[in-house]
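Asker: Predicted model follows, preceded by the sequence.
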Number of protein chains: 2
Amino acid sequence: MRTKPVQRDPLAARVLDKLGDFATVTPARFAIAVFATLVALFTVLFSLPVATSSGMRAPFVDALFTAISVICVTGLSTVDMATYWSPFGHVLVFVGVEIGGIGVLTVASILGLVISRKLGLRQKLLAASDANPLRIRRGPVSEGQAVRLGETGNLLATVAVSVLVIELAVAALIFPRLLIAGTPWPTALWESIYFSAMAFTNTGFSPAPEGILPFANDWWFLGALMIGVTFGAIGFPVIYVLKKNLRHPHRWSLHVKLTLITFALLLLGGTIAYFTLEWNNPDTMAGMGLGDRILNSLFLSSMTRSGGFSTVDMGHLDGSSLLVTDMLMFVGGGSASTAGGIKVTTLAILFLAAFAEARGNDDMEAYGRRIPADVLRLAVSVVLWGATIVAAATITIMFINDDAPLDYVLFDVISAFATCGLSTGFTQSASEPTQYILAATMFFGRIGTVTLAAALAASIRRQLFRRPEERPIVG
Amino acid sequence: MRTKPVQRDPLAARVLDKLGDFATVTPARFAIAVFATLVALFTVLFSLPVATSSGMRAPFVDALFTAISVICVTGLSTVDMATYWSPFGHVLVFVGVEIGGIGVLTVASILGLVISRKLGLRQKLLAASDANPLRIRRGPVSEGQAVRLGETGNLLATVAVSVLVIELAVAALIFPRLLIAGTPWPTALWESIYFSAMAFTNTGFSPAPEGILPFANDWWFLGALMIGVTFGAIGFPVIYVLKKNLRHPHRWSLHVKLTLITFALLLLGGTIAYFTLEWNNPDTMAGMGLGDRILNSLFLSSMTRSGGFSTVDMGHLDGSSLLVTDMLMFVGGGSASTAGGIKVTTLAILFLAAFAEARGNDDMEAYGRRIPADVLRLAVSVVLWGATIVAAATITIMFINDDAPLDYVLFDVISAFATCGLSTGFTQSASEPTQYILAATMFFGRIGTVTLAAALAASIRRQLFRRPEERPIVG
Ligand SMILES: [K+]
Ligand SMILES: [K+]
């Protein structure tokens, strides 16, 4: 018996089909369209006079910049976010980062599904018999496509539930700390939920003008933020696997292992670097006790994954720390996460390639698995894309600004590219053309790696059987 | 009949064998040992009181820095090279750059021979039958090894003759120009030979304190320098092939084609960038006519391959041009050349990987050839090595200097790594510890890519037969 079309309302079915086709056949354009639409919508909303605390229409550059920063969960700003916007504006920011954060998780995960479907054994056999899975999926709604749309629904639901659970848990951690600090409970409730959302979505805005400075020495508060940021930055595939197999590490995929180990190494390396390089800096840590130095080094290191909160003024960091931060931010967080950057697995793949080369191995290997060579090509593509965006933006900004110091420009450009949101203050004081360049950098930084990951989907051809292989997600 | 040992003087044979074994079995250590020995020797020579024009012993840091700069044909300096050294000192510089330039050509070419021997069809068949060519080459002198030593001798001779011919030709171009400019003929003779050596070896020192500024608008003189620098920077394998098959491009190897096209694209891109970015800069090109703008943009662009001569003050370049120069210098010149950097083919391989990824090809391809995946791994290793050196040096220098501007530090560090020798002036005015860091950067930049190329030799394993393949040299 042949596959029968699933019964469904013709119009809704057609719309869903179109959307599904758009997402899977041209995933890159789908991602760009989704983000561009959201940015346009929120630019209009932030342009409403009711969105500002002054009641005056925000200048276009500020509305656009804020919309991109919110939807791309970057956290850079051209205005003082805590005072410039009205309560309605703050709700917009809150809703925007949730949409942006869940959006990027979902889009990336859908693309991941598309890719893993193409790489699944069944599809591989199909591909080997020259029956292109893409061609199979088009046409009238088949059982296979119904499952696919169902999967997307399941995925969305799982993402939404995970986001809700994690954000509520982090808010529950922060809420009592704010009460103890003497914050009235309605404010504490709103702020704990706001902080939690800003942490999990890796945005890094603060509800109060003084930011998180009152808690600069507080392990509890900063710890809660670090937990939220890390869950957001580590990526949905990792959360999903850990939820299912927390106690069975042998069932963890290569991607999970690579992400966790690289996260740990970057966190440790960054902490040691800040602890060392800022030791004698009177503007940052020279006056702190040992515990506070460790806490603040650890916190800053974990925020470069792309959380973007800060307890010290980035503009006061030593030049060496700025460069370390540049490198850490450029790497960013995990794949299919709310974090930006080239992604930790991309970096891991580059180093695994160098290790394989040094050892004279024919294949890249990690944890007993062979990593196919085309993964390295994708990693290289992602890095080239990132380096090109950063170089183009930095060179243009240096050209149109006569006295801009390179260390500050490079820092804010990389922060924008990697949607990190840490800032030396350059962004806020920059000229309007420069702010447009930074806005474009945020946008392309956000959609770029997601889009490039989709390129992988197209690059799969039939392969000879060798050793069992596994494919970590890069980009 | 079994292979008979070649008749030869036992002691000389044993020394040659040891040296040959050292070079081929551990090529990395061989390269490091050769360069370290030369640096030590020239540090002693530059420390002789007779080497300075004042007759006083040069401080250790200056003697060491100059020795490394000369042997690594970098062209950076901590002293005014034209006035600080005596005539004997200038002869040391001249001899040093010739040894350094020919040395790196020879070492790189020997390593290339080792590699190509391992990759030769015969050796591949041997490797496929589990007879390791490395094992075969050890032990008593076999006919095969005698040929190998002969090949090395031939190679050295070819390199030496090529260097002599090219340097004389360039000197013959420069000599009449100096005479026309009114220079007395003995000075013109010495200076034309000196300039020619400094151009071909990609060193970039000038015999006179005013450098090449008197010829800043002279197509003839600057053209001769560009020709010399380009021949030096394009690499011996390219020169060798062009000499043999200049009129038969279909016989050119993939390496030659990739090197030439990348050279051309970088030259053009750099020229356009400088022409545009310096258009309004009153300190550099704003006052020039159109022809001079084109000449000086072209000249600066070609000097980033790693010639290191300059007609404009690098410290006066726009910040955007400094960044463009950073990128161009980091790439450097051709493989097995007197130039430094990660090498143009390394960059080409990265982009070919990204193109293959974007097109969905299973293999990297160029000019109808498939490029094996391990070449990409080597390219990635070289870039990681370069980025690590540059990052480590820059971060350390920023840490130990409180007010060092990042744009100048990064520029001189990359110039040191890529043995380019262009300078913003930071090197000469830097503190002693900083100068040691820059000296180390020059040394590791020079031996690094040569050493890493040797890693390729170890990475070859048996391969399945696919399409006919070809291996460009990277690093
Ligand atoms: K962020
Ligand atoms: K040079």
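Answerer: Alright, I've got the coordinates. Note that this is a predicted model, so its numbers are computed, not measured. Residues are numbered from 1 along each chain as shown, chains lettered A, B, ... in the order given. Ligands and ions are numbered 1, 2, ... in the order given.

Asker: interface residues of the stretch 251-400 of chain A facing ligand 1?
Answerer: Within the stretch 251-400 of chain A, the positions adjacent to ligand 1 are A:306, A:308 by C-beta under 5 Å from the ion. (C-beta placed from N, C-alpha, C; glycine too.)

Asker: Also the stretch 101-250 of chain A?
Answerer: For the stretch 101-250 of chain A, the residues in contact with ligand 1 (C-beta under 5 Å from the ion) are A:202, A:204.

Asker: cutoff 6 Å now
Answerer: A:202-204 (C-beta under 6 Å from the ion).

Asker: Now for the residue nearest to the spatial centre of chain A: which residues touch it?
Answerer: Taking C-alpha atoms, centre = their mean as the criterion, A:A339 is the residue nearest the geometric centre of chain A, at 1.8 Å. Counting by C-beta atoms under 8 Å, 6 or more residues apart in numbering or on different chains, A:A339 touches A:202, A:232-233, A:235, A:305-306, A:332-333, A:418-419.

Asker: Quick check: what element follows the helix or strand of chain A with the lowest mean pLDDT along the chain?
Answerer: Of all the helices and strands that make up chain A, helix A:133-137 has the lowest average by mean pLDDT, DSSP states H and E, namely a mean of 30. Once the chain leaves helix A:133-137, the next helix or strand it forms, by DSSP states H and E, is helix A:143-180.

Asker: and that next one, what does it pack onto?
Answerer: helix A:10-25, helix A:87-119, helix A:133-137, helix A:185-200, helix A:219-234, helix A:236-245 (3 or more C-beta pairs under 8 Å, 6 or more residues apart in numbering or on different chains; DSSP states H and E).

Asker: worst average pLDDT in these?
Answerer: Here the lowest mean pLDDT among the helices and strands packed on helix A:143-180 goes to helix A:133-137, at a mean of 30.

Asker: I'd say A:A354 and B:A379 touch.
Answerer: No. Applying C-beta atoms under 8 Å as the test, A:A354 and B:A379 come out as separate, 10.3 Å apart.

Asker: The two - which one has more neighbours?
Answerer: B:A379 (29 against 22; other C-beta atoms under 10 Å in any protein chain shown).

Asker: I'd like the distance from stretch A:30-42 to the chain centre, please.
Answerer: 16 Å (C-alpha atoms, centre = their mean, to the nearest Å).

Asker: can you pull the buried residues of the helix or strand containing A:N296?
Answerer: In this assignment (DSSP H and E), A:N296 forms part of helix A:290-303. For helix A:290-303, burial by neighbour count (16 or more other C-beta atoms under 10 Å in any protein chain shown) applies to A:292-303.

Asker: What is the nearest of these to ligand 1?
Answerer: Proximity of those to ligand 1 (C-beta to the ion) peaks at A:M303, which lies at 8.5 Å.

Asker: where does the closest residue to that closest one other than its chain neighbours land in three-state SS?
Answerer: Distances taken as C-beta to C-beta, 6 or more residues apart in numbering or on different chains put A:F309 closest to A:M303, at 5.3 Å, once the chain neighbours are dropped. Secondary structure state of A:F309, per DSSP: H, G, I helix; E, B strand; the rest coil, is coil.

Asker: Tell me how many other residues surround A:L350.
Answerer: Burial of A:L350, expressed as a neighbour count using other C-beta under 10 Å, amounts to 24.

Asker: Same check on A:D326?
Answerer: A:D326: 21 neighbours (other C-beta under 10 Å).

Asker: Equivalent analysis for the one 3 residues further on, please.
Answerer: As a burial measure, the neighbour count of A:M329 was computed by other C-beta under 10 Å and equals 25.

Asker: ok, back up a step: could you dump the residues of the stretch 101-250 of chain A next to ligand 1 to TSV with secondary structure and distance to ligand 2?
Answerer: Below are those laid out as TSV (DSSP: H, G, I helix; E, B strand; the rest coil; distance: C-beta to the ion, whole Å):
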residue	secondary structure	distance to ligand 2
A:N202	coil	44
A:T203	coil	46
A:G204	coil	44
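
Asker: quick check, nearest of these to B:I212?
Answerer: A:G204 (50.9 Å; C-beta to C-beta).

Asker: contact partners of stretch A:344-359?
Answerer: Contacts of stretch A:344-359 (C-beta under 8 Å, 6+ apart): A:255, A:258-259, A:261-263, A:266, A:331-335, A:362-366, A:371, A:375-376, A:379-380, A:382-383, A:472-475, B:374, B:376-378, B:380-381, B:384-385, B:455-456, B:459.

Asker: If any of the residues you listed are buried, give me the ChimeraX selection for them.
Answerer: Selection command for ChimeraX covering only the buried members of these, criterion 16+ other C-beta under 10 Å:
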select /A:255,258,259,262,263,266,331,332,333,334,335,362,363,364,365,366,371,375,376,379,380,382,383,472,473,474,475 /B:374,376,377,378,380,381,384,385,455,456,459
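
Asker: Keep only those of the contacts of stretch A:344-359 that are in strands.
Answerer: Among those, DSSP state E puts A:364-366, A:371 in strands.

Asker: Check those residues one by one and keep those near chain B.
Answerer: Applying C-beta under 8 Å from any C-beta of the partner chain, the subset of those adjacent to chain B comprises A:M364.

Asker: so the strand or helix carrying A:F411 versus helix B:406-417, what angle?
Answerer: Using DSSP H and E, A:F411 sits in helix A:406-417. In terms of direction (axes from the mean of the first three to the mean of the last three C-alpha atoms, to 10 degrees), helix A:406-417 departs from helix B:406-417 by 90 degrees.

Asker: immediately after helix A:406-417, which helix or strand?
Answerer: Where DSSP H and E defines the elements, the next helix or strand beyond helix A:406-417 is helix A:426-429.

Asker: Can you report how many residues lie near the nearest residue to A:P209 once chain neighbours are set aside?
Answerer: The spatially closest residue to A:P209, leaving aside those adjacent along the chain, is A:A82, at 4.3 Å (C-beta to C-beta, 6+ apart). Residues within reach of A:A82, counting by other C-beta under 10 Å, total 16.

Asker: pretty sure A:A82 contacts A:M198?
Answerer: No. Counting by C-beta under 8 Å, A:A82 does not reach A:M198; the two are 11.7 Å apart.

Asker: so A:T284, which of the three states?
Answerer: A:T284 ends up coil, using three-state DSSP.

Asker: tell me which element the closest residue to A:L92 other than its chain neighbours is part of?
Answerer: Nearest residue to A:L92 in three dimensions, chain neighbours excluded: A:L45, at 5.4 Å (C-beta to C-beta, 6+ apart). Using DSSP H and E, A:L45 maps to helix A:27-46.

Asker: Any buried residues in that helix, and which?
Answerer: Quick answer for helix A:27-46 (16+ other C-beta under 10 Å): A:27-28, A:30-32, A:34-35, A:38-39, A:42-43, A:45-46.

Asker: try stretch A:277-290
Answerer: Residues A:277-278, A:281, A:284-285, A:288 are the ones in stretch A:277-290 that count as buried (16+ other C-beta under 10 Å).
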